[in-house]
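Participant: Fold the stuff below for me.
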Amino acid sequence: MHPSEPGARQAKKPRFQATGDPGWVRVICVGLTLAFIALMLLFPLMVVFTEAFRKGLGVYFAAITEADARAAIRLTLLAAGIAVPLNTLFGLAAAWCVARFRFPGRNLLTALIDLPFSVSPVVAGLLFVLLFGSGGLLAAISRWSGIQILFAVPGIVLATMFVTLPFVARELIALMQEQGDEEELAAMVLGANGWQTFWRITLPNIKWGLLYGMILCNARAMGEFGAVSVVSGHIRGVTNTLPLHVEILFNEYNFAASFAAASLLTLLALVTLVIKTFVAWRERNKGIIAESHA
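Facilitator: Below is the predicted model of the structure:
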């Protein structure tokens, strides 16, 4: 075909673009975005690992394996190991109530679920001090049970649960509202009871969203500092979680050990990011497949 023919001229037209902004505007926007990401994320990550390994592998492994570091790691895992399952059960129940039922106070319940997002973690920790401290409203519970709440593991778990409470619930509420209840109603019409409907219909449909919320909940639980700092008492080797251990080492000018412990939290964040991306990809692909079948 000759270049002068209409078909040839049409074939050389540029592809349609969603924006009419000049090329230099897009270059500047992309450049500023990359520069911001490098400044706020990549450079700090590089600093953490550079400082952690500055004095060699021997110092690094000694810092993360000494007694106080091991105790901090164990306590962090324990707090997350208790808070995440409990908040998962709460998130499932709350999402089921909000997404499947209409009742007085439904909007208030949704607002209360979001409350930890609005309250400073330090204020949340102070609330537990006022509740369970000497003369607090719930201090009698601690005295009656003989269980020390503040400056002990129970207080750390309660503070961690408070700040991580919304993650699973908010993820599932939006997902279950979007999916609707047609499949569940069909299962009940066919004779399935509540547990059968939940295990065979509801849970398979929300499993990726549930896992997504649990990942975010776990990451926040292990990295929580403010609320835990208030209720822990900073007892070294007893009530210090890993973030608090990092702070103590840094305040003692033990920078190598501090950055070594911080690198563990950084690795946790990177692993969480990878898993979160994979789960989001699977959830997105599941939606695409479902739409294609429909």
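Participant: and the host helix or strand of Thr160, C-alpha only, in CSV?
Facilitator: Using DSSP states H and E, Thr160 maps to helix 153-164. Only the C-alpha atoms of helix 153-164 are listed here, as CSV (Å, rounded to 0.1, in the frame of the first residue of the first chain):
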residue,chain,number,x,y,z
VAL,A,153,1.9,-9.4,78.8
PRO,A,154,-1.9,-9.1,79.2
GLY,A,155,-1.7,-5.3,78.9
ILE,A,156,0.6,-5.6,75.8
VAL,A,157,-1.9,-8.0,74.2
LEU,A,158,-4.8,-5.7,75.0
ALA,A,159,-3.1,-2.7,73.5
THR,A,160,-2.1,-4.6,70.4
MET,A,161,-5.6,-5.9,69.9
PHE,A,162,-7.0,-2.4,70.2
VAL,A,163,-4.8,-0.9,67.5
THR,A,164,-5.2,-3.8,65.1
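Participant: What lies in contact with that helix?
Facilitator: 75, 78-80, 82-84, 86-87, 116, 121, 124-125, 128, 132, 147-149, 217, 220-221, 224, 226-228, 230-232, 239, 241 (C-beta atoms under 8 Å, 6 or more residues apart in numbering). The way it works is simple: take the backbone N, C-alpha and C, and place the C-beta from them, glycine included.
Participant: List only buried entries from these.
Facilitator: Buried members of the contacts of helix 153-164, counted by 16 or more other C-beta atoms under 10 Å: 75, 79-80, 82-84, 86-87, 116, 121, 124-125, 128, 132, 149, 217, 220-221, 224, 226-228, 230-232, 239, 241.
Participant: In helices, which of those fall?
Facilitator: Among the buried ones among the contacts of helix 153-164, the members found in helices (DSSP state H) are 75, 79-80, 82-84, 86-87, 116, 121, 124-125, 128, 132, 217, 220-221, 226-228, 230-232.
Participant: Flag the shaky bits of the stretch 101-250 of the chain, pLDDT-wise.
Facilitator: Within the stretch 101-250 of the chain, no stretch has pLDDT under 70.
Participant: Now do the helix holding Thr160: distance to the chain's middle.
Facilitator: Here the centre of helix 153-164 is set off from its chain's centre by 15 Å, with C-alpha atoms, centre = their mean, to the nearest Å.
Participant: Next: stretch 39-47.
Facilitator: Using C-alpha atoms, centre = their mean, the mean C-alpha position of stretch 39-47 is found 20 Å from that of the whole chain.
Participant: Endpoints of that stretch, how far apart?
Facilitator: 11 Å (C-alpha to C-alpha, to the nearest Å).
Participant: How about residues contacting that stretch?
Facilitator: Thr266.
Participant: Pull out the buried positions in it.
Facilitator: For stretch 39-47, a neighbour-count test (16+ other C-beta under 10 Å) marks nothing as buried.
Participant: likewise stretch 106-124?
Facilitator: Ile113, Pro116, Pro121, Ala124.
Participant: Spell out which two among the residues you listed are the most distant pair, please.
Facilitator: Ile113 and Pro121 (16.6 Å; C-beta to C-beta).
Participant: which stretches of the stretch 151-294 of the chain form helices?
Facilitator: 153-164, 166-179, 182-189, 194-197, 203-223, 226-232, 242-251, 255-293 (DSSP state H, counting those that start in this stretch).
Participant: Mind listing what's buried along the longest one?
Facilitator: Judged by neighbour count (16+ other C-beta under 10 Å), helix 255-293 contains these buried residues: 256-266, 268, 272, 279, 283.
Participant: packing partners for it?
Facilitator: Contact partners of helix 255-293 among helices and strands, from 3 or more C-beta pairs under 8 Å, 6 or more residues apart in numbering; DSSP states H and E: helix 43-52, helix 57-65, helix 67-100, helix 203-223, helix 242-251.
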